[in-house]
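Student: sequence first, then the predicted structure:
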Amino acid sequence: MSVNLPDSKPEASFADTILQQSSEISRRLDMLRIENFPPDAQKKLRRFSLAEVADFVGVSPSYLKKLHLQGKGVEPQVTPSGRRHYTAAQIEELRTLLDRSPRRRENDKLQVIAVVNFKGGSGKTTTAAHLSQHLALKGFRVLAIDLDPQASLTALFGIQPEIDGNLSLYESLRYDENRKPISEVIRSTSFPSLDIAPANLELQEYEYETPIAMHAQDSVAGRTFYTRIGGALSEVDDRYDVVVIDCPPQLGYLTLTALAAATSVLITVHPQMLDIMSMSQFLLMLGGILKSIETANVNVSLDWFRYLVTRYEPGDIPQQEMVGLMQSMFARQMLRNPMVKSTAISDAGLTKQSLYEVERSSFVPSTYDRARESLDAVNSEIIGLILTAWGRTS
């Protein structure tokens, strides 16, 4: 006696399943984006308070208030309670009016800051995003480059790679005849003085194509792969003061190419034993590779490099010990200010925003203020290093 079982649907393969789930994630994220940034799903930057604007421009709040009362400068939005709020464009107008621009002068070279770490979760992308935005708010012309195929920085700027169809820096690095100038890759952001070269999965092709190009006969481009980001940036050198590169969390050709173009390096490190052990291996590998490519006349000459302690919890004794260990080993190369761990930063990220984009009123004021003070201290210290590299005092 035979039993006829009902036809069962064949189980989808792992590849089919994850592709389907990827599409569903993208669809849901796009729905959230449209919900958060209607009607055109594009980010719009909030207005900034009088105190924030005074800090960004470098004058006192009372001076800005006096300018407004005298009818000079820009016309802020004034609330019924008398609070003044300014757009980012108005901040730049004030900076021009008061001759407070920090931009490059004729003989100042473009500053290229590579933000690197071998291990994910070190706060690398968060650091790159807040640094580039802070620099823009302070009056620098900034280009952020997302060099990570996972495109987290790109997403934080309100761009969804798999849906928006944006180009990535791969288009300016590729070895075939389809290579494009970086100006075709760059997109504007909601910050007036900040542009971004977005990322997408195609960037991973550079990791595969570079060794092939290096071993191809008569391939000068392959043998000089490390010049490709520098060459791309030379096309837009006069448009920017600072470039911030968010490198992938691995020591591949993308990271090496970024380091060869960099004038400075920021290494993010979470003060935990395993993270510092990982960083030790990263530095060992990096130093060995840089030594080996020096034979090809590649000299990574930096104006500065610093370690930045991220996601720091001041009350955590083991973390204090790890920070003390780092300071005992390389105090001169550590930023004085750590970036504290804060729910304000992580909560802002849920809506693809930075702490400079969200409203203070959305958080417990003390939580927001503590996070902002930490971020501003770190970013101001980096600005001091940039100005020093240009031969100026901060």
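Tutor: That came through, no problem. Numbers count the residues shown, from 1 in each chain.
Student: can you give me the helices in the stretch 1-150 of the chain?
Tutor: For the stretch 1-150 of the chain, the helices defined by DSSP state H, counting those that start in this stretch cover 14-36, 50-57, 61-69, 88-97, 124-137.
Student: oh sorry, the question was meant for the stretch 151-300 of the chain
Tutor: All helices of the stretch 151-300 of the chain, identified by DSSP H, counting those that start in this stretch, fall at 152-156, 161-164, 170-173, 204-215, 220-223, 228-234, 253-261, 273-293.
Student: reformat those helices as CSV; add mean neighbour count and mean pLDDT.
Tutor: Backbone N, C-alpha and C define where each C-beta goes, glycine included. As requested, the helices of the stretch 151-300 of the chain are exported to CSV (neighbours: other CB atoms under 10 Å; pLDDT from 0 to 100):
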stretch, mean neighbour count, mean pLDDT
helix 152-156, 23, 91
helix 161-164, 16, 65
helix 170-173, 23, 95
helix 204-215, 16, 91
helix 220-223, 14, 67
helix 228-234, 20, 95
helix 253-261, 24, 91
helix 273-293, 14, 78
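Student: how about low-confidence regions in the chain?
Tutor: For the chain, the stretches with pLDDT under 70 are 1-42, 120, 162-165, 217-222, 296-297, 394.
Student: and it, what are its domains?
Tutor: As assigned by automatic domain parsing, the chain contains the domains 48-97, 111-389.
Student: which one, of those domains, ends up nearest to R103?
Tutor: Nearest to R103, of all the domains of the chain, is domain 111-389, at 5.2 Å by CB to CB.
Student: any idea how far apart the tips of that closest one sit?
Tutor: Across domain 111-389, the terminal residues are separated by 9 Å (CA to CA, to the nearest Å).
Student: same check on stretch 193-202?
Tutor: Using CA to CA, one end of stretch 193-202 lies 27 Å from the other.
Student: just the buried residues of it, please?
Tutor: 193-200 (16 or more other CB atoms under 10 Å).
Student: return the distance of it from the chain's centre.
Tutor: Mean C-alpha position of stretch 193-202 versus that of the full chain (CA atoms, centre = their mean, to the nearest Å) differs by 10 Å.
Student: run through who's touching it.
Tutor: Applying CB atoms under 8 Å, 6 or more residues apart in numbering, the contact partners of stretch 193-202 are 92, 132-133, 135-136, 139-151, 153-154, 157, 159, 161-162, 166-172, 182, 185-189, 240.
Student: okay, the helices of the stretch 151-300 of the chain in JSON lines with distance to M322 next?
Tutor: Conversion of the helices of the stretch 151-300 of the chain to JSON lines gives the following (distance: least, CB to CB, whole Å):
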{"stretch": "helix 152-156", "distance to M322": "25"}
{"stretch": "helix 161-164", "distance to M322": "35"}
{"stretch": "helix 170-173", "distance to M322": "36"}
{"stretch": "helix 204-215", "distance to M322": "32"}
{"stretch": "helix 220-223", "distance to M322": "41"}
{"stretch": "helix 228-234", "distance to M322": "32"}
{"stretch": "helix 253-261", "distance to M322": "24"}
{"stretch": "helix 273-293", "distance to M322": "6"}
